[in-house]
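> okay, here's the prediction I keep looking at, along with the sequence it came from:
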Amino acid sequence: MRRWNLQMLSEDEQRTTAEFLVAAGLTRTLLDVVGSLVTKKTKLPWAALAEAIGRSKIQPKDSEIDAILVGAKVHGSTADLVRSRQLDIWSRKFIDARSAAEAERGVELEKKKEAIKDKLQFLRANRLQEQEKQAIEEFKAIAPADPQLVREIESYDMRWAREVLARRAPLEDASADELLLRSERLTPEQEASKSLLVERTKELAKNSPRAAYDLALSLHFMDFNVEALEVLSVAPPSPSADWLRLELMILARKYVDALDEAATLEARYASDPEAAFAITYARARTLKGLGQLELATDLLRSLVRVRPSYKSAQSLLMDWSGGDE
């Protein structure tokens with residue numbers, strides 16, 4: 001209290017101290033402090049003041065009601081004042097002020113949401129994924145229940161998953177069989193370490209399914225694709241998990257399962273034009289794995305014709321056709 005009287009407390013500290021005094025029933029102490037603050041023309045803890053007046057059963061005069069509302073407005077604290085409903089019984093002006101504050105807050109919120117949506121469009125168009133993730137976090141902070149937020153998160157997760165897997169393209173496109181053989185050529189010591197690592201990873205995924213996607217991705221980066229597929233099976237449904245599952249099936253040489261998964265994803269993401277390209281690319285690799293090189297090559301040709309900028313497909317087509325494309 002001494003520090004408060006000496007104006008050594010921040011606004012947050014003043015507010016929490018005032019709320020403590022009200023909760024402790026020390027309304028007289030709070031009113032005394034507010035009286036001294038008024039003479040110093042400093043900002044007041046308006047919500048706590050309203051609570052103290054109401055709990056003390058003090059009925060303010062009309063002029064005092066107007067003074068309270070004007071004072072809170074001058075301080076830019078009307079929204080803080082009407083957090084308390086103690087003075088509603090004495091005047092409807094507090095109810096009206098609350099409705100106005102909520103409406104104003106709604107308008108400000110919509111402005112912020114629109115600004116973030118515009119920002120997201122710009123970042124997405126320029127493929128600035130890290131900044132886009134930060135903008136989504138901003139969106140989540142101000143409007144966690146907004147339906148568009150869910151769509152933005154799903155869209156980002158899907159594109160991020162594709163981007164991660166695309167970065168692996170030069171390695172994986174060499175040969176899925178080669179990758180599998182590479183993981184099988186382990187020394188006894190390496191095999192023992194792998195067993196411990198995989199066992200621990202599966203245990204972590206079972207205890208924390210939300211972490212299963214990241215754990216599966218880690219195993220994938222170590223070329224343990226069969227084991228990564230097992231870990232991914234306990235992950236919650238999500239677009240990123242869907243695309244990783246398809247990728248792991250191809251790399252684990254589960255080609256028939258991969259074709260079925262591709263058909264499932266094709267139906268699930270029918271409204272996403274980018275998904276069609278990713279599924280065609282995956283089908284081509286799967287058919288190649290099943291020994292249907294001609295059909296796989298035709299698929300890649302059709303993909304490259306429609307999307308010339310699809311570098312992974314172009315590179316794979318050149319490789320499969322012996323450089324004749």
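It's in. Numbers count the residues shown, from 1 in each chain.
> read off the pLDDT value for L181.
Note for L181: predicted pLDDT of 54.
> name the SS class of Q7, please.
coil (DSSP: H, G, I helix; E, B strand; the rest coil).
> the residue nearest to it when sequence neighbours are not counted: what secondary structure?
Closest residue in space to Q7, ignoring its immediate chain neighbours: T42 at 6.4 Å, by C-beta to C-beta, 6 or more residues apart in numbering. (C-beta placed from N, C-alpha, C; glycine too.) Per three-state DSSP, the secondary structure class of T42 is coil.
> show me where pLDDT drops low in the stretch 1-150 of the chain?
41, 123-129, 145, 149-150 (pLDDT under 70).
> can you show me the helices along it?
2-5, 11-23, 27-39, 46-55, 62-74, 78-81, 92-125, 129-142, 147-167 (DSSP state H, counting those that start in this stretch).
> ranking the ones you listed by burial, who's on top?
helix 46-55 (a mean of 23; mean count of other C-beta atoms under 10 Å).
> can you list contacts of that one?
15, 18-19, 21-22, 27, 30-31, 34, 60, 68, 71-72, 75, 77, 80-84, 86-87, 89, 94 (C-beta atoms under 8 Å, 6 or more residues apart in numbering).
> for K288, find the nearest of the helices of the stretch 1-150 of the chain.
Among these, the nearest to K288 by C-beta to C-beta is helix 147-167 (16.9 Å).
> contact partners for the closest residue to L232 other than its chain neighbours?
Closest residue in space to L232, ignoring its immediate chain neighbours: A216 at 3.9 Å, by C-beta to C-beta, 6+ apart. By C-beta under 8 Å, 6+ apart, A216 lies in contact with A205, A228, L229, V231, L232, A235, L244, L248.
> now do 10 Å
A216 makes contacts with 201, 205, 224-225, 227-235, 241, 244-245, 248, as judged by C-beta atoms under 10 Å, 6 or more residues apart in numbering.
> please apply the same query to R285.
Applying C-beta under 10 Å, 6+ apart, the residues contacting R285 are 172-173, 176, 246-247, 250-251, 255, 258, 296, 299-300, 312-313, 316, 320.
> so of those residues, which ones are in helices?
Members of the contacts of R285 lying in helices (criterion: DSSP state H): 172, 176, 246-247, 250-251, 255, 258, 296, 299-300, 312-313, 316, 320.
> distance between stretch 234-244 and the chain's centre?
Centroid separation between stretch 234-244 and its chain, computed with C-alpha atoms, centre = their mean, to the nearest Å, is 15 Å.
> need the contact list for the residue lying closest to E11 once chain neighbours are set aside.
Spatial nearest neighbour of E11, chain neighbours left out: K43 (6.3 Å); criterion: C-beta to C-beta, 6+ apart. Residues near K43 by C-beta under 10 Å, 6+ apart: E11, Q14, R15, L37, G71, A72, V74, H75, G76, S77, D80.
> how close does P273 sit to T280?
12 Å (C-beta to C-beta, to the nearest Å).
> what's the answer for E110, then?
40 Å.
> one more: D272?
Taking C-beta to C-beta, one finds D272 at 13 Å from T280.
> and the two? Which one has more around it.
T280 (19 against 16; other C-beta atoms under 10 Å).
> element containing the more buried one?
helix 273-289 (DSSP states H and E).
> flag every buried residue along that helix.
275, 277-289 (16 or more other C-beta atoms under 10 Å).
> could those residues be laid out in JSON lines, adding pLDDT and distance to E138?
Listed next are the buried residues of helix 273-289 as JSON lines, based on pLDDT from 0 to 100; distance: C-beta to C-beta, whole Å:
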{"residue": "A275", "pLDDT": "86", "distance to E138": "27"}
{"residue": "F277", "pLDDT": "86", "distance to E138": "30"}
{"residue": "A278", "pLDDT": "88", "distance to E138": "28"}
{"residue": "I279", "pLDDT": "91", "distance to E138": "32"}
{"residue": "T280", "pLDDT": "90", "distance to E138": "35"}
{"residue": "Y281", "pLDDT": "90", "distance to E138": "33"}
{"residue": "A282", "pLDDT": "91", "distance to E138": "33"}
{"residue": "R283", "pLDDT": "92", "distance to E138": "38"}
{"residue": "A284", "pLDDT": "92", "distance to E138": "39"}
{"residue": "R285", "pLDDT": "91", "distance to E138": "38"}
{"residue": "T286", "pLDDT": "92", "distance to E138": "39"}
{"residue": "L287", "pLDDT": "91", "distance to E138": "43"}
{"residue": "K288", "pLDDT": "90", "distance to E138": "43"}
{"residue": "G289", "pLDDT": "89", "distance to E138": "43"}
